[in-house]
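**Q** 3D, please:
(3 chains)
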Amino acid sequence: MYMCVCMCMYPCLFILNLMIVIKQWCVHDIKIAAWLLNPEKVPETLADVKQIFPLDQVTDPGDACKVSSKISSLENLENFYSVIKDQLKEQNLFSLFINVEVKLIPVLSVMELRGIKVNKNTFLEEKKILQERIQQVEKEAYKVAGRKFSINSHPQLRQVLFDELKLDSKLQKITLTTVNNLKSTCEAVLEALKDYHPLPQLILEYRHLVKVKSTYVDGLITHIQNGLLCTTWDQTAAVTGRLSSANPNLQAIPKLPVCLTKSENQSGTAKRPEQKVLRIRDPFISQEGWSLLAADFQQIELRILAHFCHDEKLINAFRGPNHSDIFIQLTSLWLKKPLEYITSVEREKTKRVVYSVMYGVGKVRLASYLSIPENEAGTVIENFLNRFPGIKQFTKKCITECKKTGYVCSLLKRRRVLPHLNSMNHVLQMQAERQAINFLIQGSAADICKSAMVEVENEIAAHTNLHARLLVQLHDELLWEVPDIELEATKCLVKKVMEDTGRLLNQQVILEVPITVSLSVGKTWGGMTSLPP
DNA sequence: CGTAACGTGGTGAGG
DNA sequence: TCCTCACCACGT
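**A** Modelled structure (predicted):
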């Protein structure tokens, strides 16, 4: 094993560009180390590092040079690293750095080099279908507006909607644009107006389709090279420790099919003719003789919440033989109804309440999710928290602890400093409290998911008969390309490693709840079929 | 005066 | 009112 200290993973790894070499290198990246010490402020150059960590004992690295391209600053790197390493150790971050972040670098670089196979023709077909539908909607819009106008222009639309059709008279209050105090043509206004005239609905539809086409069809096509889409993984972009993907962002490809036909009012749903839909993930495919394998941590954030809460009811819901649909069980506990009488509506409602509590989403947002008055949403949250007292106690205790130290720590000791926890400004303080809870859950989930990537990759590499290639990470889901004949063996391996929480947490923490993984397989990303547990 | 370059707010995809 | 990234229109 070679060791190398560097700044910014990309140049170092891509100059080498030989996977075998990369795999043998242990890259102690100062940028990542600095990000662990303070995820809010990521240095791009050694000069930035110097500014963030004024280190007198280190010799001057010179002016703001792009370190990546300067071999002459290698000595300074060593000096910086020795100081930063001490800080990592002081703050209990060294283990996370060495055991997770550093080991992840070669995994990510190999993923970047590899890319994911796509069928360009499928993209082009989607493009054509969207193009036609957009023109259709546009034409229809001009018809109901009574004249042609520039549909993309907010000022012109404003003129048509409010000066000509006088639609603002239907509303008691109209939102004004923040900049010029003009009548807004924003989503919410159009939504409120759509019952009075067909134009707003058509504009909404038009904007949606244009967005889908430009972002997920045209946008992705421009990134195709040799039939592959290669993203850039950024290890230091997210304060919570999550990975992020850019150019293109493969973590935000629509999962649900996009509707092409008019979304008629749902009331008369008698035999709806076949809905025309577009599955945006369909062009993503595996190579000949291979399949795509996806492994999904089931409700990982909720399980982490249960672990922290020590709430007996919550924890027990995850234990036992049948804990796959946790939300049905939570609904049952919450509403005191037998499992078999729980409707899908209630289940969905519970899900939203749970995530609202977890992410710190307020009453207003929850009210809009559930389509109920605000005060009722407040009662719903209150009732839920009373049913699971552990959640409330944990939140309180956690915030009190954080206020003493000024920072939060995740399961693997990732940390985020939140100066506003003790702010005199009430708004800022409340915000910091939500961020603290959110960091604990989201950051811990990120720890587990990153660790899973490292461990599964190691395990696959240790089995020389297996050739699965990790393609994409979607926060709580990993996607591989696997030779068809190795599918069975790979499925077992992946599930075994990902559900082994002791291994994932480096034996540092014992989780109070099991973590389960669901698998699905398919020849395209759009059409994966889930496998029985 | 027209255009390029950049920043911002709104929206929406993912988790 | 958690955390990301991409696109658009619009203002400077």
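**Q** Give me the distance between stretch A:319-339 and the centre of its chain.
**A** Average the C-alpha atoms of stretch A:319-339, do the same for its chain, and the two points are 26 Å apart (CA atoms, centre = their mean, to the nearest Å).
**Q** What of stretch A:185-192?
**A** Using CA atoms, centre = their mean, we find the averaged C-alpha position of stretch A:185-192 to lie 27 Å away from the chain's own average C-alpha position.
**Q** mind saving the C-alpha coords of it as CSV?
**A** In CSV, the C-alpha atoms belonging to stretch A:185-192 read as follows (Å, rounded to 0.1, in the frame of the first residue of the first chain):
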residue,chain,number,x,y,z
THR,A,185,-47.0,34.4,-12.6
CYS,A,186,-45.5,31.9,-10.2
GLU,A,187,-46.6,28.3,-9.6
ALA,A,188,-48.8,29.1,-6.6
VAL,A,189,-50.7,31.8,-8.4
LEU,A,190,-51.3,29.7,-11.5
GLU,A,191,-52.4,26.8,-9.2
ALA,A,192,-54.9,29.1,-7.6
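**Q** who's in contact with the most centrally placed residue in chain A?
**A** Central residue of chain A (CA atoms, centre = their mean): A:His475, 5.3 Å from the mean position. Contacts here follow CB atoms under 8 Å, 6 or more residues apart in numbering; on that basis A:His475 touches A:242-243, A:251, A:445-446, A:449. Quick note: C-beta positions are derived from backbone N, CA and C, even for glycine.
**Q** One more pass at 10 Å, please.
**A** Under the criterion of CB atoms under 10 Å, 6 or more residues apart in numbering, the contact partners of A:His475 comprise A:238, A:242-244, A:251, A:297, A:300-301, A:442, A:445-446, A:449.
**Q** Go through those residues and say which is closest to A:Ala188.
**A** A:Gln251 (26.8 Å; CB to CB).
**Q** Could you give the number of residues near the closest one?
**A** The criterion is other CB atoms under 10 Å. On that basis, A:Gln251 has 17 neighbouring residues.
**Q** which element is the nearest residue to it once chain neighbours are set aside on?
**A** Leaving aside its sequence neighbours, A:Gln251 sits nearest to A:Ser245 (CB to CB, 6 or more residues apart in numbering; 4.6 Å). Element membership of A:Ser245 [criterion: DSSP states H and E] is strand A:244-246.
**Q** Any residue of that strand touching DNA strand C?
**A** Yes. Under the criterion of CB under 7 Å from any atom of the strand, DNA strand C is reached by strand A:244-246 at A:244-246.
**Q** quick one: the next helix-or-strand element following that strand to chain centroid distance?
**A** Next along the chain after strand A:244-246, taking DSSP H and E as the criterion, comes strand A:258-259. In terms of CA atoms, centre = their mean, the centre of strand A:258-259 is found 21 Å from the chain centre.
**Q** Only the buried residues of stretch A:346-360, if you could.
**A** By 16 or more other CB atoms under 10 Å, the buried positions in stretch A:346-360 come out as A:346-347, A:349-358, A:360.
**Q** Of the residues you listed, which pair is most distant in space?
**A** Checking these against each other with CB to CB, the farthest-apart pair comes out as A:Glu346 and A:Gly360, at 23.2 Å.
**Q** At which residues are the strands of the stretch 401-533 of chain A located?
**A** Secondary structure of the stretch 401-533 of chain A, counting by DSSP state E, counting those that start in this stretch: strands at A:407-409, A:415-417, A:469-473, A:477-483, A:517-522, A:529-530.
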